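*Asks:* would you be able to build a 3D model of this:
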Amino acid sequence: MAINISDGTGAIISACTVNKTSTGTLLSVSGTTTAQTTSDSGLTCNTGYTYNITCTDAAGNVNSSLATFTTSACSAASSSSGGGSSSATPSELATGFTKTLWVGELVSFKAENKSHVFILLKIKNNTADVQLSSIPIKATLAVGESKKFDLNGDGTYEILVKLNSLTGISKADVTLTSISETITTTPAAPETTTGATTDAGTPSTGDSSDATQKTGSLLWLWIIIILVIIAVIVFIIYQRRK
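*Replies:* Numbers count the residues shown, from 1 in each chain. Below is the predicted model of the structure:
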């Protein structure tokens, strides 16, 4: 921002002061003549700012003037206040697409020929809330953490998101990588019940013991029957010989 100063004597003995009225911040000024400059940063696009400029001439006279400036409109690609957008190509995703995003900024991309959008929703407590869609999926990531996402609900992970770092509560550095990984689930361990079959065709210990006891009882019964029959036959033969 240039400060053009008009003075009757043409002599400005020192740098002017520039006060940013919205914050009360004094800006640094370079030069001591009738043409001085200052700069300001951290401004929001398409926003008006007012500065109070105070100068002193060689005779010790002090005068102030207000100057108002309006920043340019936000671009589509990015914005210091968030809400911008960018896109990632399939080749960039294949090797890992890394970008520093403002809160509210979008990244559009395609996975399996379907359009999707990644958005940085919020930053809090050293974590970032993100969302992927077309089917909305929300997740919270800590710095250094990676998560896989099934974008189409077809049982396959299509994208890997990693949170690399955070800058305050306004920016996050993320990497999106395309993957193709079938989602697998670990089957639950079968329950074991006393007396039940644990493996196909293999009875448990309790059933085996019962069967053995029944077999032994039947064997003794047949032995007793045979001994009785033999005794009866011997008795008949003995009676006939008398």
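*Asks:* next secondary structure after the helix or strand of the chain with the lowest mean pLDDT?
*Replies:* Across the helices and strands of the chain, mean pLDDT, DSSP states H and E gives its lowest value to strand 2-4, namely a mean of 64. Following the chain from strand 2-4 toward its C-terminal end, the next helix or strand by DSSP states H and E is strand 17-20.
*Asks:* residues in contact with that following strand?
*Replies:* Taking C-beta atoms under 8 Å, 6 or more residues apart in numbering as the criterion, the residues outside strand 17-20 that touch it are 1, 3, 25-27, 29, 38, 40, 49-55. Just so you know, the C-beta spots here come from the backbone N, C-alpha and C atoms, and that holds for glycine as well.
*Asks:* what is the next helix or strand after it packed up against?
*Replies:* Toward the C-terminal end, the helix or strand that comes next after strand 17-20 (DSSP H and E) is strand 25-27. Where contact means 3 or more C-beta pairs under 8 Å, 6 or more residues apart in numbering; DSSP states H and E, strand 25-27 is packed against strand 17-20.
*Asks:* what bridges to Ile119?
*Replies:* Per DSSP bridges, residues listed as beta-bridge partners of Ile119: Leu106, Gln131.
*Asks:* contacting residues around Leu166?
*Replies:* With contact taken as C-beta under 8 Å, 6+ apart, Leu166 is in contact with 123, 126, 128, 143, 172-173.
*Asks:* show me which of those residues are buried.
*Replies:* Of all the contacts of Leu166 considered here, the ones buried according to neighbour count by 16 or more other C-beta atoms under 10 Å are 123, 128, 172-173.
*Asks:* the closest residue to Leu141 other than its chain neighbours and Leu121: what is the separation?
*Replies:* Closest residue to Leu141 in three dimensions, ignoring its sequence neighbours and counting by C-beta to C-beta, 6 or more residues apart in numbering: Leu163, at 4.0 Å. Applying C-beta to C-beta, to the nearest Å, the value for Leu163 to Leu121 is 12 Å.
*Asks:* next, show the common contact partners of the two.
*Replies:* The contact sets of Leu163 and Leu121 overlap at Ala128 (C-beta under 8 Å, 6+ apart).
*Asks:* so which of the two has more stuff around it?
*Replies:* When Leu163 and Leu121 are compared on other C-beta atoms under 10 Å, the one with more neighbours turns out to be Leu163, at 24 against 13.
*Asks:* roughly how far out does the host helix or strand of that one sit from the chain middle?
*Replies:* Per DSSP H and E, Leu163 falls inside strand 156-167. Between the mean C-alpha point of strand 156-167 and the mean C-alpha point of its chain there is a distance of 6 Å (C-alpha atoms, centre = their mean, to the nearest Å).
*Asks:* list the buried residues of it.
*Replies:* Of all the residues in strand 156-167, those buried under the rule 16+ other C-beta under 10 Å are 156-164, 166.
*Asks:* alpha carbons of it, as CSV, please.
*Replies:* The C-alpha trace of strand 156-167 is given here as CSV (Å, rounded to 0.1, in the frame of the first residue of the first chain):
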residue,chain,number,x,y,z
THR,A,156,-13.9,-52.5,-1.9
TYR,A,157,-11.7,-49.7,-0.5
GLU,A,158,-11.0,-47.2,-3.3
ILE,A,159,-9.2,-44.4,-1.5
LEU,A,160,-6.6,-44.0,1.3
VAL,A,161,-6.5,-40.7,3.2
LYS,A,162,-3.6,-39.6,5.4
LEU,A,163,-3.4,-36.5,7.6
ASN,A,164,0.2,-35.4,7.4
SER,A,165,0.1,-32.2,9.5
LEU,A,166,-2.0,-29.3,10.8
THR,A,167,-1.4,-25.6,10.7
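*Asks:* in its sheet, which strands sit next to it, and in what direction?
*Replies:* Counting by DSSP bridges, strand 156-167 is paired with strand 146-149 (antiparallel), strand 171-182 (antiparallel).
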